[in-house]
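>>> Turn this into a model:
(2 chains)
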Amino acid sequence: MTRLVLSRIFYGLIVVWAVSTITFFLMHSVPGGPFDSEKKFPPEILKNIQAKYHLDQPVWKQYGFYISDLARLQFGPSFKYRNRQVEDILAQTFPVSMFLGFWALVIAVSFGVSAGIVSALRHNQAFDRISIFLSTLGISVPGFVLATLLIYFFGHRLKILPPALLEDWTHYILPACSLAAAPAAYLARLSRSSLLETLSKPFVQSVQAKGVSGARLVFRHLLKNSLSPVVTVLGPLVAMLITGSFVIEKIFSIPGMGRYFITAVSNRDYPLIMAVTIVYAVLIVLMNFLVDLTYAFLDPRVRLR
Amino acid sequence: MKIYFKISVLILLILAGCVKRNRNPGDRVRYNLLTEPPSLDWSITTDSASIEVLDNLMEGLTRYDENLKPIPALAESWEILDNGTKYIFHLRPGAKWSDGKPVLAEEFVYSWQRLVNPETAAEYAYFLYPVRNAREINSGAIKDLNQLGVRALDDRTLEVELVQPLVYFPVITTFMVTFPERRDLIEKYPDSWTEPEHLLTTGPFILTKWHHEYKLILEPNPHYYGPKPAINQVIFYMMNERTTELTLYDTGDLDLCQMPPAAIPSYRSSPEYRQKPILGTYYLGFNVLKPPVDNPLVRRALAMSIDRSKFPEILKGDQVPATSFIPPGLVGHNPKLGFEFNPQKAKELLAQAGYPDPKKLPAITLIFNNQDVNQLICEYAQAQWQNNLGITVYLRNMEWKVFLKELQLDPPAIWRLGWYADFPDPDNFATVFLSEGGNNHTRFKSKEYDDLVTRAAFEPDPQKRQELYHQSQKIILEDACIFIPLYFYSVNYLVKPYAHNLDFNAMGHLYFKDARIDFRGGK
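This next block holds a predicted model:
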């Protein structure tokens, strides 16, 4: 097991290095620099700024600075928020996105998987049809449309939930639901089809013939054999949800990390772009490793090497 | 089923009970800043969100009155000596920092030296270039910061030497980059002196909380020399979405808000709706070296064939159609300059330029950065040129930084831009089109224009100054016609009836020191 963990860490580090290197060079190849602005400064000012942030150095030298900073887990000051270190920005915003993402995940998994199970068990009955309709809707309706509708009905018309901001726990309800809707719908469809496939297998009839039914049949025999596809998507889904959503955080004015995936790029804030990319890459690697471990738990035929 | 219904109703009731009522308790103003201020270090920040906060936290030597004229602030008076090349500012005896220490002339010297120090890499260092040796120090030609033309003659007297007489210098000293700074604070907390636990201010408010990317809270400065603000808190939220802002205004979570253009028609008849013109001009520029707009006759024809009177209807915000560049309210504004809508004359000019058949005109491209407003305007201009002249203009939209790079390297025939005043003086507009100006993307160069603008900056007589700006603007608007002004900007906003003295000034700034919350009404 130790060998396995060490080898996965090693390969994970290579993946993260490759992602960050590709991002670094892509980022520098995009036209426009961090300090280009509508009001242009005199050349001596531009020279001072470029010298301060090493932007006057060749790209390979900048890459050297970047890698040496990264080895010390430092990203330096943001180019946009010049008084703040990128590490501090992430330390302040990542927990907010993680907390919101966690609740979105809880909602998505609990509603999605349970709706999928009930749908499969009541195949072609009313609940199944309603569930399919709702899950199709959940997948098709973009998050910002759902968020706007939720704000309109619960925040504006009924006035029972806050439409934006983050003052107390009630402020998490609408964004968490908006964020959870699409993953819940996807998980519902996935778990339904996977369970239906399991139900058609001969071992189920054999188990039923032995008198096993109800909750014991579902949780002991069916779920364990049906959850692999769900677990596969959960890895990237967790990484996506806990790093925040640009659209949802923007609409609900949540001070999370998700907005930086877009704004850091449009501001050409190189240190911040690299930091959010690396956080996302590390989480994807980590979640995929956890998914692999879960496979072994769910299916003894899977051997980890 | 009944049980599910009962549970749902119960959940809704619990939620409704949890939500706090949003009424303003009567002692605060809640406003949306739109974005996180990138920095509250007034030497290095450049964006409007930071300026909006700093304008309420800090005061400098001078500040604006209602008409945007500079009046005494931390300086109670000033003298102009040596034909306008030397200013002596006398600091107000009661001027104090928020920790109770007096504001010293040396703190201005430190701040100005820090601004032009190349190591600070301040983007707005050029605002002090009129000061002796500022440019040389900033470019590294002079290493000794003490060579800067600013000295503390004693604790309350500041002497400033200028390179040349500059009639609007007291306007520059209203701007944040000239505010004083505390050396002890910056040296002790170099990375965090702008955070609420350390920041010291000289204005009517202090910063008490900064939840990054979410909200800032300002409270009255107990040591402010002027009257204490009537409110106990200003809460700045940082919501990126104008529609969310409007929803929160409707639910009573905000006391004033700026409006997305699409919402203006629904609120126009409301007594809470207000509109104010601000010092800014939206225009389409020409690259005068690119055919076919290298011909001034073609440029004039294009300028005459856009009906600008439709812009308020298109943009829904009561924008003022413009044919000239310097906005109303500034010396040098002349609404008679530029070209009115005249499609017939435009066709004649096009024929004179050698294009009696508009279809023979080489392809023209107009670029803009992808924003809804720009899309609307550029599509409108495209339709106007097609309908009035029979010219096909191709539109190309692009991401903001890519757009700026294209403007710097190789601008196409036509592009869109806007210009907001950094300070309320026509020089800030006229210098945009100086031959070597970094913001002049037209590639137009004219020694005559440069001379007129330079003379106007140093001309103390308002009448003569007006005439110099008239002559210089005529060159770029009519003779050479290097761009087409389209409209002057305005700000559209809503203010709750109980909130008083909350109005944007013509710079688009909002000052909260006179704000008042009164549910009984009254002025």
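>>> helix/strand/coil for the one residue in the stretch 401-523 of chain B that gets nearest to chain A?
Distances between the stretch 401-523 of chain B and chain A by C-beta to the nearest C-beta are smallest at residue B:401, namely 2.7 Å. Every residue, glycine included, has its C-beta placed from N, CA and C. With DSSP: H, G, I helix; E, B strand; the rest coil as the basis, residue B:401 sits in helix.
>>> show me the residues around residue A:280 that make contact.
For residue A:280, the contact set (C-beta atoms under 8 Å, 6 or more residues apart in numbering or on different chains) comprises A:239, A:243, A:261.
>>> Give me the buried entries from the residues you listed.
Among the contacts of residue A:280, those classed as buried by 16 or more other C-beta atoms under 10 Å in any protein chain shown are A:239, A:243, A:261.
>>> which ones are touching the first one?
Shown in contact with residue A:239 (C-beta under 8 Å, 6+ apart): A:280, A:283, A:284, A:286, A:287.
>>> if we take the buried ones among the contacts of residue A:280, which one ends up nearest to chain B?
residue A:261 (13.7 Å).
>>> Quickly check: the one helix or strand that closest one maps to near chain B or not.
Using DSSP states H and E, residue A:261 sits within helix A:260-266. Yes - residues of helix A:260-266 contacting chain B under C-beta under 8 Å from any C-beta of the partner chain: residue A:266.
>>> Does that helix pack against any helices or strands, and if so which?
Other elements packing on helix A:260-266 under the criterion 3 or more C-beta pairs under 8 Å, 6 or more residues apart in numbering or on different chains; DSSP states H and E are helix A:246-251, helix A:270-298.
>>> Mind doing that once more with 10 Å?
Packed against helix A:260-266 by the contact rule (3 or more C-beta pairs under 10 Å, 6 or more residues apart in numbering or on different chains; DSSP states H and E) you find helix A:86-121, helix A:246-251, helix A:270-298, helix B:400-409.
>>> Go ahead and confirm residue B:413 touches residue B:294.
Yes - contact criterion C-beta atoms under 10 Å: residue B:413 and residue B:294 qualify, at 8.8 Å.
>>> thinking again about what came up before, excluding covalently adjacent residues, which one is nearest to the residue of the stretch 401-523 of chain B closest to chain A?
Distances taken as C-beta to C-beta, 6 or more residues apart in numbering or on different chains place residue A:32 nearest to residue B:401, at 2.7 Å, with adjacent residues excluded.
>>> Show the contacting residues for residue 174.
Answering for chain A, as no chain was given. A:146-147, A:150-151, A:153-155, A:161-164, A:248, A:251-252 (C-beta atoms under 10 Å, 6 or more residues apart in numbering or on different chains).
>>> That was the other one, I meant chain B.
B:55, B:59-64, B:68-71, B:73, B:423-424, B:507.
>>> The same query, at a cut-off of 6 Å, please.
B:62, B:63, B:64, B:70 (C-beta atoms under 6 Å, 6 or more residues apart in numbering or on different chains).
>>> and if you look at residue A:268?
Contacts of residue A:268 by C-beta under 6 Å, 6+ apart are A:32, A:33, A:34, B:401.
>>> Closest one to residue A:86 out of those residues, please.
residue A:34 (12.9 Å; C-beta to C-beta).
>>> so how many other residues sit close to that closest one?
Using other C-beta atoms under 10 Å in any protein chain shown, residue A:34 is surrounded by 21 other residues.
>>> Quick check: beta-bridge partners of residue B:320?
residue B:488 (DSSP bridges).
>>> gap between it and residue B:281?
10 Å (C-beta to C-beta, to the nearest Å).
>>> try residue B:195
For residue B:195, the distance to residue B:281 - C-beta to C-beta - is 37 Å.
>>> now do residue A:10
Taken as C-beta to C-beta, the span from residue A:10 to residue B:281 is 59 Å.
>>> quick one, which of the two is more surrounded?
Using other C-beta under 10 Å as the criterion, residue A:10 and residue B:281 rank with residue B:281 on top: 23 against 9.
>>> dump the residue contacts of the more buried one.
B:322, B:325, B:327, B:419, B:485, B:488 are the contacts of residue B:281 under C-beta under 6 Å, 6+ apart.
>>> Contact partners for the last one?
Yep, that's residue B:488 we're talking about. Counting by C-beta under 6 Å, 6+ apart, residue B:488 has contacts B:277, B:281, B:320, B:322, B:327.
>>> Please name the nearest non-neighbouring residue to residue B:319.
In space, residue B:319 is closest to residue B:487, 4.1 Å off (C-beta to C-beta, 6+ apart).
>>> If we ignore the residues flanking it in sequence, what's nearest residue A:135?
Nearest one to residue A:135, counting by C-beta to C-beta, 6+ apart, is residue A:185 at 4.0 Å.
>>> now the nearest residue to residue B:390 once chain neighbours are set aside: how far from chain A?
Closest residue to residue B:390 apart from its sequence neighbours, by C-beta to C-beta, 6+ apart: residue B:358 at 4.0 Å. To chain A, residue B:358 is 32 Å away according to C-beta to the nearest C-beta, to the nearest Å.
>>> mind listing what residue B:358 touches?
B:389, B:390, B:391.
>>> tell me the SS of the residue in chain A that chain B sits nearest to?
Shortest chain A-to-chain B distance, computed as C-beta to the nearest C-beta: residue-wise this is residue A:32, at 2.7 Å. Following three-state DSSP, we place residue A:32 in the coil state.
>>> What is the neighbour count of it?
Based on other C-beta under 10 Å, the number of other residues close to residue A:32 is 19.
>>> quick one, what contacts residue B:242?
By C-beta under 6 Å, 6+ apart, the contact set of residue B:242 is residue B:260.
>>> Could you tell me how far it is located from chain A?
Counting by C-beta to the nearest C-beta, the gap from residue B:242 to chain A is 11 Å.
>>> do the same with residue B:220
23 Å.
>>> That residue against residue B:228, yeah?
Yes - using C-beta atoms under 6 Å, residue B:220 is in contact with residue B:228, at 5.4 Å.
>>> Just want to know which of the two has more residues nearby.
Neighbour count, other C-beta under 10 Å: between residue B:220 and residue B:228, residue B:220 has more, with 20 against 12.
>>> quick one on the thing from earlier: OK, contacts around the residue of chain A closest to chain B?
Applying C-beta under 6 Å, 6+ apart, the residues contacting residue A:32 are A:268, B:401, B:402, B:404, B:405.
>>> What about the residue of the stretch 401-523 of chain B closest to chain A, how many residues nearby?
Neighbours of residue B:401 (other C-beta under 10 Å): 20.
>>> Please name the residues that touch it.
Applying C-beta under 6 Å, 6+ apart, the residues near residue B:401 are A:32, A:36, A:268.
>>> any idea how far residue B:41 is from the second one?
In other words, residue A:36. In terms of C-beta to C-beta, residue A:36 sits 21 Å off from residue B:41.
>>> and what of the last one?
In this structure, residue A:268 and residue B:41 are separated by 21 Å, where distance is defined by C-beta to C-beta.
>>> For burial, what's the neighbour tally of the nearest residue to residue B:60 once chain neighbours are set aside?
Closest residue to residue B:60 apart from its sequence neighbours, by C-beta to C-beta, 6+ apart: residue B:179 at 4.4 Å. A count of nearby residues for residue B:179, using other C-beta under 10 Å, gives 27.
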